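>>> Quick one, structure for this:
(one chain, ligands or ions: 1)
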Amino acid sequence: MPNQFNYDINPGRIIFGAGKLHVVADEVRRLGRARALILATPYQLSDAWKLAENLGPLAAGVFGQAAMHTPLAVTMKAMEAYDALDADCVVAYGGGSTIGLGKAIAYRNDAPQIVVATTYAGSEVTPILGQTERGVKTTVRDWKILPEVVIYDPELTVGLPVKMSVTSGLNAMAHAIEGVYARDRNPVSSLMAIEGVRALRDALPIIVNQPTDLGARSNALYGSWLCGSVLGTVGMSLHHKLCHTLGGRFDLPHAETHAIVLPHSAAYNAQAAAEELSPFAEFFGDSIGGGLYDFAHSLGAPLALNDLGLEEAHLDEAADLAVKSPYWNPRRVERDAVRLLLQRAWEGSRPQ
Ligand code: NAD
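Take a look at the predicted model:
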């Protein structure tokens, strides 16, 4: 535990519980707003329209074109819809892609945001926005980006397909596992990280066998909130740098990439951050990398970057990019060791 620390607590209102979707109307009123633009991906459009019906006159309309990595062109269309419909706040209904669109709007016009989070990605509790223009992803951090209200209703996650639940849950764990060795960690962020990983470790195996188990869904959403809060509080290291590189340059899917890389990045830092990672030994065994790999394997998670369509010939470039302007990391970021890490992650072999 660091003996000196700063802790900037992210403001925000969290409402948690089965059936809590119904409080959206109260929350719009509580913010002093009257015309919410509801955001969704095409996949969750019908849920968004259902919510609009329930909100009645409090819904200004629905914009259902949210897309992965927040493309600027989509944000501009959504801004036009916001203005044309005379909206005065946004309700993002969905996962990180939809939440990203809400954040992108708020970043530009300071619209208050209510998020109904339906995956475990954790974006809803961070002041961070990643957006893409002509294939280039940039990240901004600003208080305007942090959603004002987050509603976690586990009933809405019961239909999240098992495969996505697993990869999204491992994505959440990655925030917490990097959070415990962050340079700017504090005792509270570390408590949240450990409790978040514990909750997800307990919940995911149950979800795999019984996706409709509301207790496990509740536990997973609770864990993802904690892990997301860690991401929103402290800096990330090699793992996130690798995933941003693989996602940005090679267009690999977000949650799956995190799920595959996590055991390898944890193994890379296992010795340098042995003390900080020690609470996880109880969860996954002393060898954090091997333990996480076995856990992911037991859940049926994807294990090889090869299976996501990444070509082996791209590994050199990925290693070069990842070490070019590295994030701070507890172990020195060495090109050859990173290349080896990527090779193993590409093959899907168990970290040593
Ligand atoms: P996603 O939001 O892209 O969702 C994937 C698909 O699943 C979508 O079609 C979505 O509509 C659907 N879906 C979501 N919830 C569902 C549910 N409960 N039931 C059925 N279908 C559902 O995936 P994601 O992993 O949540 O988000 C990834 C994006 O979030 C990436 O762009 C990533 O960069 C971003 N992200 C940002 C931060 C941040 O702090 N800025 C943090 C994490 C992720």
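
>>> Looking from the ligand, tell me which residue of this protein is nearest.
Minimum separation of the chain from the ligand (Cβ to the nearest ligand atom) falls at residue 96, amounting to 1.9 Å. For every residue, glycine as well, the C-beta is placed using N, CA and C.

>>> Skipping adjacent residues, who's closest to that residue in space?
residue 121 (3.8 Å; Cβ to Cβ, 6 or more residues apart in numbering).

>>> And for the one you found, the neighbour number?
Close neighbours of residue 121, defined as other Cβ atoms under 10 Å, add up to 27.

>>> circling back: the residue of the chain closest to the ligand: what's it in contact with?
Neighbouring residues of residue 96 by Cβ atoms under 8 Å, 6 or more residues apart in numbering: 119, 121, 122, 123, 254.

>>> need the residues of the protein near the ligand, please.
Proximity of the chain to the ligand (Cβ under 6 Å from any ligand atom) is limited to residues 41, 43-44, 68-69, 94-98, 100, 118-119, 121-123, 126, 128-130, 156-157, 159-160, 164, 168, 231, 254-255.

>>> Just the buried ones from those residues?
41, 44, 69, 94-98, 100, 118-119, 121-123, 126, 128-130, 156-157, 160, 164, 168, 231, 254-255 (16 or more other Cβ atoms under 10 Å).

>>> backbone phi and psi for the residue positioned nearest the centre of the chain, please?
Taking Cα atoms, centre = their mean, the centroid of the chain lies closest to residue 121, which sits 2.5 Å from it. Phi and psi for residue 121, reported as degrees, to the nearest 10, are phi -70, psi -30.

>>> which residue packs closest to the residue lying farthest from the centre of the chain, ignoring adjacent ones?
The centre of the chain is farthest from one residue, residue 57, which by Cα atoms, centre = their mean lies 31.9 Å away. Nearest-residue entry for residue 57: residue 34, 7.7 Å, with adjacent residues in sequence omitted and distances by Cβ to Cβ, 6+ apart.

>>> Make sure the residue nearest to residue 96 is actually in contact with residue 169.
No - the pair residue 121 / residue 169 is not scored as a contact, 9.7 Å apart, by Cβ atoms under 8 Å.

>>> Could you tell me which residues touch both of those two?
The contact sets of residue 121 and residue 169 overlap at residue 224 (Cβ under 8 Å, 6+ apart).

>>> Do I have it right that residue 72 meets residue 131?
Yes - if you go by Cβ under 8 Å, residue 72 and residue 131 touch, sitting 6.1 Å apart.
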